[in-house]
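Asks: mind folding the following:
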Amino acid sequence: MEGENAVRPRHAKKTNKFAAPVSGMVLAGVFAGSLGLMPGGDSENPAPRTTRPAILAADRGEGPPEQGAAHQADKSKAEPAKPPATCKPSEAKKREYANGRIPTRELCPLPQRGEFLRADAAVAFYKLNAAYKKRFGKDVCLRSSYRTLAKQKELYERMPAGMAARPGRSKHGDAIAADFCGGVQNDESPQFKWMLANSKRFDWVHPEWAFGSPFEPWHWEFDIGQEA
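Replies: Residues are numbered from 1 along each chain as shown. Below is the predicted model:
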């Protein structure tokens, strides 16, 4: 349930890939087979996960990028996108809408076509995206951001139990959550480790509950946008 009423346990050192009843194969299938239907941090009652990946110096931006033709081929000379002038964080909370009922006109478009977030979350995301692009040569891969109430209901009915929040309870419905891909969905990848080491500088976090069961490495949230 994205942590609204869940206890957020602190994780211990890694002992196995997943300390969850849901196997890695099932999770991989869910992610790979539902591009537009990613649960992204919607687990109902997350249990403690036994892992947080180690963060290397290179993942903090202190080391060289990966070598090899494949990596070099991905390098882009284009400048990182900037948020539209109409995207004003100071006005993000002035208009209150129910979860999943925010008009698109009140949200900010992201560099990834068709994706939207609340203004403050979006501006922070643009900064995170620029840093990510500088490190990996491409924009952050994004599967899902804001979700309407209708979309939340669809996911809740179609996803396995515990993999989607109850409609109206999702952080995606508040437009302050995003599901990443392009390597970030794999906690052993350089992309995930870089995000874990750097996202807080841009006020984005991988919440504690998402280290639980089932483990959701793809789900990230705008930290400042959350209520205490």
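
Asks: from here on, just use CA atoms for contacts and neighbour counts.
Replies: Noted.

Asks: now for residue 207, how many residues are close by?
Replies: If you count neighbours by other CA atoms under 10 Å, residue 207 ends up with 19.

Asks: surely it is in contact with residue 220?
Replies: Yes - with contact defined as CA atoms under 8 Å, residue 207 counts as touching residue 220 (6.8 Å).

Asks: list the contacts of the top helix by length along the chain.
Replies: Counting residues, the longest helix in the chain under DSSP state H turns out to be helix 119-136. Residues from elsewhere that reach helix 119-136 (CA atoms under 8 Å, 6 or more residues apart in numbering): 61, 65, 71, 74-75, 80-83, 87-92, 107-111, 116, 138-140, 175-176, 199, 202-204, 222, 225.

Asks: repeat the analysis, applying 7 Å as the threshold.
Replies: Outside of helix 119-136, the residues within contact range by CA atoms under 7 Å, 6 or more residues apart in numbering are 65, 80, 82-83, 87-89, 92, 107-108, 110, 139-140, 176, 199, 202-203, 222.

Asks: buried ones only from those residues, please, as a ChimeraX command.
Replies: Here the buried members of the contacts of helix 119-136 are turned into a ChimeraX selection, burial being counted by 16 or more other CA atoms under 10 Å:
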select :65,80,83,87,88,89,92,107,108,110,139,140,176,199,202,203,222
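
Asks: tell me which of the contacts of helix 119-136 fall in helices.
Replies: Members of these lying in helices (criterion: DSSP H): none.

Asks: any stretches of this protein with poor pLDDT?
Replies: Per-residue confidence for the chain (pLDDT under 70) gives these ranges: 1-78, 225-228.

Asks: can you pull out the helices in it?
Replies: When assigned using DSSP H, the helices of the chain occupy the ranges 24-33, 69-73, 119-136, 149-158, 190-198.

Asks: dump those to JSON lines, plus mean neighbour count and distance to residue 182.
Replies: Shown next, in JSON lines, are those (neighbours: other CA atoms under 10 Å; distance: least, CA to CA, whole Å):
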{"stretch": "helix 24-33", "mean neighbour count": "14", "distance to residue 182": "11"}
{"stretch": "helix 69-73", "mean neighbour count": "10", "distance to residue 182": "13"}
{"stretch": "helix 119-136", "mean neighbour count": "22", "distance to residue 182": "11"}
{"stretch": "helix 149-158", "mean neighbour count": "17", "distance to residue 182": "22"}
{"stretch": "helix 190-198", "mean neighbour count": "21", "distance to residue 182": "8"}
